[in-house]
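**Q** Everything below, folded, please.
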Amino acid sequence: MVLVTGSAGFIGQAVCAALLARGERVVGLDNFNDYYDPQLKRDRVDRLASNAHFNQIPGDIADRVAVDALLAHWRPRRIVHLAAQAGVRYSFEHPNAYVRSNLVGFVNLLEAARHDGGVEHFVYASSSSVYGANPKQPFSTADRVDDPISLYAATKRANELIAQVYALQFGLKLTGLRYFTVYGPWGRPDMAPVKFARALLQDRPIEVYGHGDMQRDFTYIDDIVAGTLAALDDLHHFGDVPHRLYNLGNSHPEALRHFIDVLARVAGRTPILQMRPMQPGMCGRRRPTSRRPPATSVGGRPLRSKKGCRRRSSGAADTSAAGDRGVARAMRGNYAFVLTFVPVTCPVELITGEADCADLLASAGTHTRI
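**A** Numbering: from 1, shown residues only. Okay, the predicted model is just below:
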């Protein structure tokens, strides 16, 4: 039995689906909060409901009594903890939500796992945000991360430190995964792929922070899921203290302006750009001089899908469910992986020949209303 918290979230639902596909029994926990449209979360979970090996439990990790009862009843052997209050700028407006979910909720789960006594492995989501404004490239888990620039990043770094203590003092096996900007079908509507696509399709301006001279390390959801499961399955490669950290991301940052250009080309629209300065807490970086090496391996296996983070496969489009105003189409090409939310009447081009454009460029959340 695997407990997945945040099971109605973007990554959480995808992890649940992958676990179920390989025959695992899964119990999901989510509070369906309204940080973004809860209907999207319910729709994600509905995709899992027909599987007899899946049980969805409504609940909040900040409720210690409920968390203790959940573990006592279901007795999961492994935990994938993905529930958290997301968003960087939102943390400046609603700090208590981050303390409650990301700190109190995290400790509640650790305490429940410690006292349960049967949890073999506890994998949790950290974030690339912990690197803050670190100018060093490429990032490494050995880098100092004591200079966060947002409350969200601070809570994620606090998770790592708390996990280290629980591993040291109580022997819990814990793995933290620093996710780098995840995109793909059923993605979050508050993230750039969805926001930019909506603006394009509605002929509204796109607000471009950092004046467009920024780069982000985008990672496709399938690769994030493959890496998460690879980490979960590896119970052996720990040091004296059974806590480890991995960067889980692509190996090729993409320029924000290039990202927008490909979205616009796919949508058949001309983008209207409004340049804005960097906002508080944003971690984008300017034109790195070196590329990040391939994702860290777990037990000798790379943290990526079987197809690899650089998708070079060719073939037909992969169409996912969407509302009646649009259709999600994924096109795999020799040099690009483009996934976007477009009107059914809008032609979708297969973008090829874009320099160094592998494994990236846009998702507008395949089920998100526009």
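**Q** so where is the stretch 201-350 of the chain shaky, pLDDT-wise?
**A** Across the stretch 201-350 of the chain, the ranges flagged by pLDDT under 70 are 211-213, 250-251, 278-350.
**Q** Could you rerun that using 80?
**A** For the stretch 201-350 of the chain, the stretches flagged by pLDDT under 80 are 209-217, 250-253, 276-350.
**Q** which stretches of the chain form helices?
**A** 10-21, 38-46, 64-74, 90-93, 95-98, 105-116, 151-170, 192-201, 221-233, 256-267 (DSSP state H).
**Q** which stretch among these comes nearest Val123?
**A** helix 221-233 (5.0 Å; CB to CB). C-beta: built from backbone N, CA, C; applies to glycine.
**Q** what residues are up against the closest residue to His53 other than its chain neighbours?
**A** Spatial nearest neighbour of His53, excluding adjacent residues (CB to CB, 6 or more residues apart in numbering): Arg25 at 4.7 Å. By CB atoms under 8 Å, 6 or more residues apart in numbering, the contact set of Arg25 is Met1, Val2, His53, Phe54.
**Q** of those, buried ones?
**A** Val2, Phe54 (16 or more other CB atoms under 10 Å).
**Q** sorry, back to before: which one of the helices of the chain lies nearest to Leu177?
**A** Comparing the helices of the chain by CB to CB, helix 221-233 comes nearest, at 6.1 Å.
**Q** export the helices of the chain to CSV and tack on distance to Gly176?
**A** As requested, the helices of the chain are exported to CSV (distance: least, CB to CB, whole Å):
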stretch, distance to Gly176
helix 10-21, 14
helix 38-46, 24
helix 64-74, 19
helix 90-93, 19
helix 95-98, 17
helix 105-116, 11
helix 151-170, 5
helix 192-201, 24
helix 221-233, 9
helix 256-267, 27
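**Q** Tabulate those helices (JSON lines), appending mean neighbour count and distance to Gln274.
**A** Below are these laid out as JSON lines (neighbours: other CB atoms under 10 Å; distance: least, CB to CB, whole Å):
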{"stretch": "helix 10-21", "mean neighbour count": "22", "distance to Gln274": "26"}
{"stretch": "helix 38-46", "mean neighbour count": "17", "distance to Gln274": "26"}
{"stretch": "helix 64-74", "mean neighbour count": "16", "distance to Gln274": "44"}
{"stretch": "helix 90-93", "mean neighbour count": "16", "distance to Gln274": "21"}
{"stretch": "helix 95-98", "mean neighbour count": "16", "distance to Gln274": "28"}
{"stretch": "helix 105-116", "mean neighbour count": "20", "distance to Gln274": "36"}
{"stretch": "helix 151-170", "mean neighbour count": "19", "distance to Gln274": "25"}
{"stretch": "helix 192-201", "mean neighbour count": "23", "distance to Gln274": "10"}
{"stretch": "helix 221-233", "mean neighbour count": "23", "distance to Gln274": "29"}
{"stretch": "helix 256-267", "mean neighbour count": "21", "distance to Gln274": "12"}
